[in-house]
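Chemist: need coordinates for the following:
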Amino acid sequence: MLTITHQQLKILAALLWLIGGVVLLLKAAALLGEAWRLDPALLWLGVAVAVGVSIGIIKVKFIFRHVCRKNLLRIDQLEKPKLWAFYRPQFFIFLALMISMGTTLSQAAQGDYPMLIAVAILDLSVATALLGSSPIFLRQLR
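Modeler: Numbering: from 1, shown residues only. Predicted structure coming up:
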């Protein structure tokens, strides 16, 4: 019943990870674009990008690579892998909460320059962390 291989689960995990990173990167770019339309002060936009990427790199090093490795190990240890097991159920709950919170923050930031910058930094940091840690998954897919 919906049995799948370990390798297929790893592919699904990597796809969701990469899609999340790309979506957040595009969202951060849109927020920065709106901030630029409100006030084309490139200094603050540059600072936002530098801070977001820097925080993301720290997250890669100290959190996200470990999370990727842990999930890949968990997938390898599944005796009868099922389609939905590429992440734990708690991850999907956490993901739904993060998407809801991100949407709420983005809507609240509309027209508010400092809030747009802050939410863009948050989104860019998570996008950087997701994309920066994705090679952990991609090495498993060779």
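Chemist: what's the burial count for the closest residue to residue 2 other than its chain neighbours?
Modeler: With sequence-adjacent residues excluded and distances taken as CB to CB, 6 or more residues apart in numbering, residue 2 is closest to residue 83, at 4.5 Å. Quick note: C-beta positions are derived from backbone N, CA and C, even for glycine. Per other CB atoms under 10 Å, the neighbour tally for residue 83 reads 12.
Chemist: tell me how far residue 83 lies from residue 68.
Modeler: 20 Å (CB to CB, to the nearest Å).
Chemist: biggest helix in this protein, by residue count?
Modeler: The longest helix of the chain (DSSP state H) is helix 6-38.
Chemist: what separates it from the chain centre, distance-wise?
Modeler: Relative to its chain's centre, helix 6-38 lies at 6 Å (CA atoms, centre = their mean, to the nearest Å).
Chemist: what is the mean pLDDT for stretch 41-56?
Modeler: Summarised as a single mean, pLDDT over stretch 41-56 is 94.
Chemist: what is the burial count for residue 78?
Modeler: Here the number of neighbours of residue 78 (other CB under 10 Å) works out to 13.
Chemist: do the same with the one 3 residues further on
Modeler: A total of 20 residues lie near residue 81 under the criterion other CB under 10 Å.
Chemist: please apply the same query to the one 4 residues further on.
Modeler: A count of neighbours around residue 85, defined by other CB under 10 Å, yields 18.
Chemist: next: the one 5 residues further on.
Modeler: A total of 8 residues lie near residue 90 under the criterion other CB under 10 Å.
Chemist: show me the contacts for the residue nearest to residue 2.
Modeler: 2, 4, 12 (CB atoms under 8 Å, 6 or more residues apart in numbering).
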